[in-house]
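Colleague: Based on what follows, work out the 3D shape:
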Amino acid sequence: MSETDSYTPPKVWKWEEENGGKFANINRPIAGATHEKELQRGKHPLQLYSLATPNGVKVTILLEELLAKGHTGAEYDAWLINIGEGEQFGSGFVGVNPNSKIPALMDYSTKEPTRIFESGAILLYLAEKFGEFLPEDPAKRPELLSWLFWQIGSTPYLGGGFGHFYAYAPYKIKYCIDRFAMEVKRQLDVLDRHLADNEYMCGDEYTIADMAIWPWYGALVENKVYDAGEFLDTRSYKNMVRWTEQLGKREAVKRGRMVNRAFGELSEQLRERHDASDFDLRTQDKLEAAE
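Modeller: This next block holds a predicted model:
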């Protein structure tokens, strides 16, 4: 199919399972579980089921930041959910997140176990629970919520739009790539202009808004998603580069990026996390060396 081929939609759309693309084997137009599988549960009240995609990294960064601030109640078990293998469609995971997307969190410290799904909801839940990484001035709360919801609403253009057609689609379509590249560059410009006058997304306070945006747009600036840094000229957004590098130096950010990672350098993969010592003892390079 060429970019000039015309497509006339049928009166009623029907699912063609073999539609190509990197994730064709797991994408489907229906919800619900495909198989029975209970979720594992560790020793901590907080049980995270995730993968180190940008949405997953948001949550592990916050958890590591909370622990760095001394909140022992933020200790957590992080279990790997391999979405490429369809583990998000297991009955246990669907019970926590009926939308079958990572991350998902269970909090067993509440009177009745609390489930939280959607990464933005998890960030807000944990920040409120521990009273951290929210603006101290209540008048600034709308600014945080605005940027948090901006990220949630904007990222589908970056991931589902640009990322899909640029990196994952079975063939390249110029119109689609140009359409979404234009929108992603507009989003980068929005961030760059804001960060010209602000150290963080909410002025001089580091908040969950930064943690939500950084794993997506910081990774794009660093050329760590879609291999599209040069194509989008991401290094030209100087304020974004400054902010990206500043956050990347935080120890909790470095740790959070490793949790539930099952790709990349073995020394940066901590596929499961149950204790702070796991960062020293259970990264994938050490586990494989011990076999």
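
Colleague: Need the pLDDT of the residue nearest to His44 when sequence neighbours are not counted.
Modeller: Here the nearest residue to His44 in space, its sequence neighbours aside, is Glu75; by Cβ to Cβ, 6 or more residues apart in numbering that works out to 4.7 Å. C-betas here are computed from N, CA, C, even on glycine. The confidence metric pLDDT takes the value 98 at Glu75.

Colleague: if I read this right, Glu75 contacts Leu46, doesn't it?
Modeller: Yes. Here Glu75 reaches Leu46: they are 7.0 Å apart, a contact under Cβ atoms under 8 Å.

Colleague: Pick out whichever of the two has more residues nearby.
Modeller: Just comparing Glu75 and Leu46: by other Cβ atoms under 10 Å the higher neighbour count belongs to Leu46, 22 against 18.

Colleague: Packing partners of the strand or helix carrying Arg141?
Modeller: Secondary structure here is read from DSSP states H and E; on that basis Arg141 sits in helix 141-156. Using 3 or more Cβ pairs under 8 Å, 6 or more residues apart in numbering; DSSP states H and E as the contact criterion, the neighbours of helix 141-156 among helices and strands are helix 119-130, helix 208-213.

Colleague: Let's see that with 10 Å instead.
Modeller: If contacts are counted by 3 or more Cβ pairs under 10 Å, 6 or more residues apart in numbering; DSSP states H and E, helix 141-156 sits against helix 54-68, helix 119-130, helix 174-195, helix 208-213.

Colleague: Using TSV, please lay out those helices together with mean neighbour count, mean pLDDT and distance to Trp147.
Modeller: Output for these, formatted as TSV (neighbours: other Cβ atoms under 10 Å; pLDDT from 0 to 100; distance: least, Cβ to Cβ, whole Å):
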stretch	mean neighbour count	mean pLDDT	distance to Trp147
helix 54-68	25	98	13
helix 119-130	20	98	11
helix 174-195	16	98	8
helix 208-213	27	98	4
